[in-house]
Structures are given as structure tokens and as C-alpha cells.
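Next come a sequence and a model predicted from it.
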Amino acid sequence: MPARRTRLTPESAHGQLAAALAALRAEAEVPSGFTEAALAEAAHAAENPPRPSLDLREIPFVTLDPPGAQDLDQALHLESDPESADGSGWIARYAIADLPGFVRPGGAIDAEARERGQTLYLPDGKVPLHPEILSENHASLLPEQDRSAFVWTIRLNAAGATTAAHVERAMVRSRAKLDYPAAQAAIDRGEEQGPLALLPVIGELRIAQERLRGGASLNLPDEEIVRDESGYRIERRFPLPVEEWNAQLSLLVGIAAGEMMLEAGIGILRTMPAPTPEALAEFRERVAALGHPWPEDQAYGEFLRSFDREDPITASILIAASGLFRGADYAPFTDSPPEEPIQAAIAAPYAHVTAPLRRLVDRWGLVICEAICAGTPVPEWASSSLAELPALMRASSQLASRVGSAALDRVEAALLRDRVGDVLDATVLEVRGDRARIQISDPPVTTNCPAGPLVAGGAARVRVVAADVPSGKVEVVGAVGVVGVAEVAEAAPESAG
């Protein structure tokens, strides 16, 4: 699905939206800055960066991120493996920013990061997990800069299955800062070079391995709020293939980390229980009602991959699938592994280790895996505080979901404020009982309403009656009669960690 853009926020609503977003931050007690102690500690750390003895700067790593990103957690390098039995294997290297090397356990940065849990991305600006002097500068894997990193070296056979995995601290130097649209365009033109040339090959091999495991990445369309000097707009699109291939590399490292922790008997896993029989039965009923029954002999992932992204029914199928996997959590252990160590949507043990600049728990995962590979004891600060992490991450995720959803409500209301009285086209995403979830085409607003005669996957026409920016509430009516009063639905539950 190509990106669908709406018009910019009307000038008349812009000031009202800015005030509503500022009020939301205050109501949710979103942090507005760092303490002087944390900033001073960050400045000192920036002047005294970690410098591991291992030097891997000759490896031409590149980063691949959304346009404009400065908090660059990962850099990749891919090549064929000359040591494989028949020369048909691969080596995937993934360098992860050495944020742990800049943070003193028990210090001011550590304390603030534990309070925040993760970077928040809001329409009026992000709220970083760490001071920007680190997350967007001295710890970030910016191009042509010497940086300390946790370098994962994972060997794959010809089919893309892991044969060996190792992580160690080393000095690295990224050669280029690539972004998703430009990288995809280069691949489409056949002009990809360096590590990018093998990304489609290894990415597709890892997708095939995902199929063999019985997992599936639930790639729902993204709704991204974009802000520039002219105001706000919403872009709705499916991830580009290059994003999916890059995500497979991150999953590859996360799975290697999870398996490494389980074997060593210490770590923290990202877990998710398998769907209940009741959830599977409900999903089968819902997709059958959409005219696409799920064959009994077809794997869940294969079923989802069989749909054309351009087909309006695909979004309804994926939303129905999002209800299958719930209950994602973190499971720390220092002896016996968790009773349920698998992340069911990925269909493998899995750990968060690839985003330490933006997610608290990754700092622990990285130092634990490094110690395992080095044969040294896990640092006491990490092992003694593992049990604290699930509650910290749950609180952070709840805040991110609540504030993100409420902010989206207000942006969508602002986009509709000057469309009151207009009749707009919409698609029915799902129907549950007497409620329906619809998606207006332009501007791309998603809202709940009474189902009435609406059918999932079908088309609808709605008239905007009211849009209140401070509360984020929108009222729409159907072409005949009232459709309902609704607020933007909350984000779909996490599927792949």
C-alpha cells in the first residue's frame, strides 16, 4: 500500500491542537527535561566514551532507519561466509550502540531512565529515554564516527538458519546513514551496494525460517503523525519490504539472545503466550464471515501472507489477527527458565537487545549476553536488578500507549475540525457486536461507531458532525441517519515483541 497522506492541519486548528497536546503532556505527567545531575553526568560520559580493545572499524557497517533519525541503535553488515562448508552460508553482523558504556549503574542517568522506561514519540516532539548528547550524538552510531558497540556475529547456513552466534564489545565505524525510502528505491532500481545488496537475500531467507518456525510478523499498516513548519498530517502505509528485511535482522539477534540466555540460565525474555482455543475459534469465525475462511491445514503465518496488501479486506484480516496474541510481558530469571519462555507470535525464545538508546531493558540484555560469550560473571548491578524490570517496562508501555492514543485522537480531531459538514468515504475495518471500526480515507481518521448494517471490509459514507480538538472526540453520521459518536480506537496489541 503506498503512503496515503491527508492535508495539513488547518491553520485555524493549529494553535488549538498545540494547546491540547501541551495539556495532554501535563495531565499525563510526561517528563519535560532531564535533571541537572543527569545532564552533567551525560556530558562527562560523552567526554570519556568507552573504548574497547577489539577494533572492527575495518568492517563497512551502515545504518538503516527512518528519514531524519539521529538515535541510531543498530548498524548492519552482511556477507557470504567463506568458512561455510560449501561457501553457501552467510555472516550477519549487527552492531548495537554501547549505551551501557555511558551509563553508571545507580547514577543520575540510570535513575531517570528507570523512571522513563522508553523513548516516547509524540506529535509535538519525542521524549527521549537518555539525554540527547548521548542518544543522538556520542552513543549513536552516526556515520564516519568511531563508536563502541556490541557487535553480534551470527553465522547462517544456506537456508538462513543460525549455526553460531556471538557478541562482543568492539570499536566500529559506520560508513553511511541510509533511510528506508531511499534504500528501497535503490533496491528497486537494482543499484544497491555494499551490505544493502544482500539484505533482500538474507531478509527473505529469514522470512522463510519464520514460516518454518510457525511464526508470523503481523505487519499492520502504520499511522504516522508527521509534523513540519506547516502543521500536522497523518501518513498511513504498510511497511516497505526493506523495513521488513531489516526487522528480520533485529529478530534474528533477539532470538539468538533469548536462546543464549536460556542456555546460560540467566537473563530476561520477552514472552507471549500462545493463543487460547477460544481466541483461535473466534478468529476463524471472523475471517470466515469476511469471506476468507482459514483452511485447517494452513499455518497461521501462511494464511496472513496470502492476502494482497492492496485489497481493502486485508486490513480487516490483520486487525482480526491482532486479537490472537495478547499478554506480552518480560520474564527475568537467574536459575530456572520461565515456564513459558516462548514469544508465541515469533515462535521462538526472544529477548530485547537491539534498541538500548530507546528502550531500558535492552541495556540489561546486552551486558548479560556479552558476559555469557566472554565467560565472565554477569555484572552484579544487572543480575541483582533483573526482577525490577518487568514492572518498569509495563508502566512505561502503558504510558506510551495511553498518551500516544490520546495524542492521535487530538490530531485527528484537528484534521476533521474544518471538515464538519463534509461527506467522506470510509472503509469498515471490523464489526464486533453492535460496534464497528471504520477508517476514513481522507483525512485518514480511524473511529468506532454503531455497526448498524455495516459489514467488515465494506465501504461506508459518513458525514462529519463535530470534531472537538481538546478532547479528541469526533462525531460522524452515516449517509442516512446517525452513525455515532466515537473516539479513535486504541492501538492494536503487540504481536511480535
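Received the coordinates, thanks. Residues are numbered from 1 along each chain as shown.

In the stretch 151-300 of the chain, mark out all the helices, start to finish.
Secondary structure of the stretch 151-300 of the chain by DSSP state H, counting those that start in this stretch: the helices cover 180-188, 199-213, 241-264, 277-289, 300-305.

Pick the most buried one from the ones you listed.
For those, ranked by mean neighbour count under the definition mean count of other CB atoms under 10 Å, the leader is helix 241-264 at a mean of 22. C-beta: built from backbone N, CA, C; applies to glycine.

got the residue ranges for the strands in the stretch 101-250 of the chain?
If DSSP state E, counting those that start in this stretch is used as the criterion, the strands of the stretch 101-250 of the chain fall at 120-122, 125-127, 146-156, 162-173, 176-179, 222-228, 231-237.

how about the helices of the stretch 151-300 of the chain in JSON lines, adding distance to Ala26 and mean pLDDT?
Listed next are these as JSON lines, based on distance: least, CB to CB, whole Å; pLDDT from 0 to 100:
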{"stretch": "helix 180-188", "distance to Ala26": "34", "mean pLDDT": "95"}
{"stretch": "helix 199-213", "distance to Ala26": "43", "mean pLDDT": "95"}
{"stretch": "helix 241-264", "distance to Ala26": "34", "mean pLDDT": "97"}
{"stretch": "helix 277-289", "distance to Ala26": "38", "mean pLDDT": "86"}
{"stretch": "helix 300-305", "distance to Ala26": "41", "mean pLDDT": "81"}
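
Please produce CSV containing those, extended by distance to Pro131.
CSV is the format used below for the helices of the stretch 151-300 of the chain (distance: least, CB to CB, whole Å):
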stretch, distance to Pro131
helix 180-188, 27
helix 199-213, 32
helix 241-264, 24
helix 277-289, 42
helix 300-305, 40
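
quick one, which of those helices is nearest to Thr162?
Taking CB to CB as the measure, those were each checked against Thr162, and helix 241-264 came out nearest at 6.2 Å.

any idea which of the strands of the stretch 101-250 of the chain is most buried?
Burial among the strands of the stretch 101-250 of the chain, expressed as mean neighbours by mean count of other CB under 10 Å, is greatest for strand 146-156, which shows a mean of 23.

in its sheet, what does it sit against?
The strands that strand 146-156 pairs with in its sheet are strand 89-97 (antiparallel), strand 162-173 (antiparallel) (by DSSP bridges).

Including distance to Phe238 and mean pLDDT, could these go into TSV?
Output for the strands paired with strand 146-156, formatted as TSV (distance: least, CB to CB, whole Å; pLDDT from 0 to 100):
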stretch	distance to Phe238	mean pLDDT
strand 89-97	24	97
strand 162-173	28	98
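
Check the gap between Gly68 and Tyr232 for me.
If you measure Gly68 against Tyr232 using CB to CB, to the nearest Å, the figure is 16 Å.

next one: Thr276
Remark: distance between Thr276 and Tyr232 (CB to CB) = 40 Å.

For Ser383, see how far away the nearest residue to Gly265 once chain neighbours are set aside is.
In space, and not counting its chain neighbours, Gly265 is closest to Asp335: 5.9 Å by CB to CB, 6 or more residues apart in numbering. Taking CB to CB as the measure, Asp335 falls 11 Å from Ser383.

Need the overlap of contacts for those two.
Taking CB atoms under 8 Å, 6 or more residues apart in numbering as the contact criterion, the residues that touch both Asp335 and Ser383 are Ile266.

Quick one: end-to-end length of stretch 168-177, please.
Taking CA to CA, to the nearest Å, stretch 168-177 runs 23 Å from one end to the other.

Show which residues not belonging to that stretch make contact with it.
Contacts to stretch 168-177, defined as CB under 8 Å, 6+ apart, come from residues 50-52, 54-57, 59-63, 65, 72, 75, 95, 98, 101, 141-151, 153, 194, 370, 373-374.

as a whole number, average confidence for the strand or helix carrying Ser396?
In the assignment (DSSP states H and E), Ser396 maps to helix 389-417. Regarding helix 389-417, the rounded mean pLDDT is 94.

Are there helices or strands packed against it, and which ones?
The helices and strands touching helix 389-417, judged by 3 or more CB pairs under 8 Å, 6 or more residues apart in numbering; DSSP states H and E, are helix 11-28, strand 120-122, strand 222-228, strand 231-237, strand 329-333, helix 361-374, strand 459-468, strand 473-478.

list the helices and strands the third one packs on?
If I follow you right, that is strand 222-228. Secondary elements touching strand 222-228 (3+ CB pairs under 8 Å, 6+ apart): strand 231-237, helix 389-417.

Which among these is found nearest to Arg432?
Proximity to Arg432, assessed across these by CB to CB, is greatest for helix 389-417 (18.0 Å).

and stretch 455-472, how far out from the chain's middle?
Offset of stretch 455-472 from its chain centre (CA atoms, centre = their mean, to the nearest Å): 27 Å.

Please tabulate the strands of the stretch 101-250 of the chain in a markdown table, including the columns distance to Glu136.
Converted to a markdown table, the strands of the stretch 101-250 of the chain look like this (distance: least, CB to CB, whole Å):
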| stretch | distance to Glu136 |
| --- | --- |
| strand 120-122 | 14 |
| strand 125-127 | 10 |
| strand 146-156 | 13 |
| strand 162-173 | 18 |
| strand 176-179 | 12 |
| strand 222-228 | 17 |
| strand 231-237 | 22 |
